[in-house]
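Asker: missing the sequence, but the structure's below:
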């Protein structure tokens, strides 16, 4: 019965690990061979997992004699599900047979899988491309695998391109600087401009792997224009990925390059239509202030942020309050008191209750940063006024902040 044979194929590797070596080569391998020739593809695809499990138990020469031919045959199986399983398990199969048989016999099999007619097989094979290249030497990878990678970067299936984009950046350390510049960079650029957002997203999130190989100068020249273009991508998740990468990029580019190329983008995101982008933009400013220091931030971030507190839409004014709250601990007591606190207190006169109770929250977050005299002379009077507001939420958060004031004064 197929159900019994499927169960046998699933558990053969576990069972083989418990038997004596002489039975492994005779009885177990005989069972395994029967399973690999089963007429049900659901049995054969489960036997693929047995290849890796049995390969690790056998001596290298026995593995090459018994397991390797099965893997090669399975890579050309008439059922795409079996070929998919081979593509998905290929790295484990390579570990089982060893590096030499992999280079000699499994490279052609892998190339066939990368060019398979079924998109599902190509997806599985593309997702293993970096792992497989690590087993090979760079010359073999460039000669045999890279042409397939170029084909996959323009594959008709967006899911194939996405799977490739999720791992292709890891090929840079494997191939080295020269091959990355000549062969991989054009593919990266093509994928960065892909119409499918997940493809672009997968490339953006792994840029640091390429930077380690080719250096920030070349990365900025070749990929930065595409990154800047993606900063205004119509899909908000792509914009979010760019924002989250900015602090790392800034630390690698340096302050002068950042001011020249990326500074205006960071302010632009504060006015994005999507809340998650505005929230990430505020966090981004905090991380940049930590990276470049308060002196840089007071010149390049704080004035531009505080200017936006007069935005006609209250949601954007709330973003500025959030950014102020995040920046204050980085900027320190003096800058907070002189520059940021007056703007927050002025916002307490806003006509929108949401702004006013967020002012109370921000003031509460500033209490540990400023002097007690500032709390008593500036923050407490503002909170007392807010505690008498007609809106129940404003009164509640003002009351919470006043309690925080009292606790600080009692502990001093």
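Answerer: Great, that's in hand. Nothing here was measured: the structure is a model prediction, and the numbers come from that model.

Asker: ok, longest helix in this protein?
Answerer: Counting residues, the longest helix found in the chain (DSSP state H) is helix 392-411.

Asker: what comes into contact with it?
Answerer: Under the criterion C-beta atoms under 8 Å, 6 or more residues apart in numbering, residues 353, 356-358, 360-361, 363-364, 367-368, 372, 375-376, 379-380, 383-384, 386-389 lie in contact with helix 392-411. In this view, the C-beta of every residue, glycine as well, is placed from N, C-alpha and C.

Asker: from these, which ones fall inside helices?
Answerer: 353, 356-358, 360-361, 363-364, 372, 380, 383-384, 386.

Asker: what's the span of stretch 385-393 from first residue to last?
Answerer: For stretch 385-393, the first-to-last residue distance is 14 Å (C-alpha to C-alpha, to the nearest Å).

Asker: now swap in stretch 107-121 and tell me
Answerer: Note: stretch 107-121 ends 16 Å apart using C-alpha to C-alpha.

Asker: show me what counts as buried in it.
Answerer: 107, 109-110, 112-114, 116, 118-121 (16 or more other C-beta atoms under 10 Å).

Asker: just stretch 38-53 next, same as before
Answerer: So for stretch 38-53, counting by 16+ other C-beta under 10 Å, buried means 38, 41, 43-53.

Asker: just give me the residue closest to the centre of this structure.
Answerer: Taking C-alpha atoms, centre = their mean, the centroid of the chain lies closest to residue 205, which sits 4.2 Å from it.

Asker: that residue contacts residue 241, correct?
Answerer: Yes: counting by C-beta atoms under 8 Å, residue 205 touches residue 241, with 5.8 Å between them.

Asker: follow-up on the earlier one: from the chain's centroid, how far away is the longest helix of the chain?
Answerer: Distance, stretch centre to chain centre, for helix 392-411: 40 Å (C-alpha atoms, centre = their mean, to the nearest Å).

Asker: contacts only, for residue 376.
Answerer: residue 409.

Asker: now swap in the one 5 residues further on and tell me
Answerer: Under the criterion of C-beta under 8 Å, 6+ apart, residue 381 has no contact partners.

Asker: just the pLDDT for residue 330.
Answerer: At residue 330, the pLDDT value in this model is 92.

Asker: what's the host helix or strand of it packed up against?
Answerer: Assigned by DSSP states H and E, residue 330 falls within helix 314-331. Under the contact definition 3 or more C-beta pairs under 8 Å, 6 or more residues apart in numbering; DSSP states H and E, helix 314-331 sits against helix 275-292, helix 294-300, helix 302-307, helix 341-347, helix 353-366.

Asker: mind putting those into a markdown table with distance to residue 328, mean pLDDT and mean neighbour count?
Answerer: As requested, these are exported to a markdown table (distance: least, C-beta to C-beta, whole Å; pLDDT from 0 to 100; neighbours: other C-beta atoms under 10 Å):
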| stretch | distance to residue 328 | mean pLDDT | mean neighbour count |
| --- | --- | --- | --- |
| helix 275-292 | 9 | 92 | 20 |
| helix 294-300 | 11 | 90 | 16 |
| helix 302-307 | 10 | 91 | 17 |
| helix 341-347 | 8 | 93 | 19 |
| helix 353-366 | 6 | 93 | 22 |
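
Asker: export the ones you listed to a markdown table and tack on distance to residue 248?
Answerer: Putting these into a markdown table (distance: least, C-beta to C-beta, whole Å) gives the following:
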| stretch | distance to residue 248 |
| --- | --- |
| helix 275-292 | 9 |
| helix 294-300 | 17 |
| helix 302-307 | 21 |
| helix 341-347 | 30 |
| helix 353-366 | 26 |
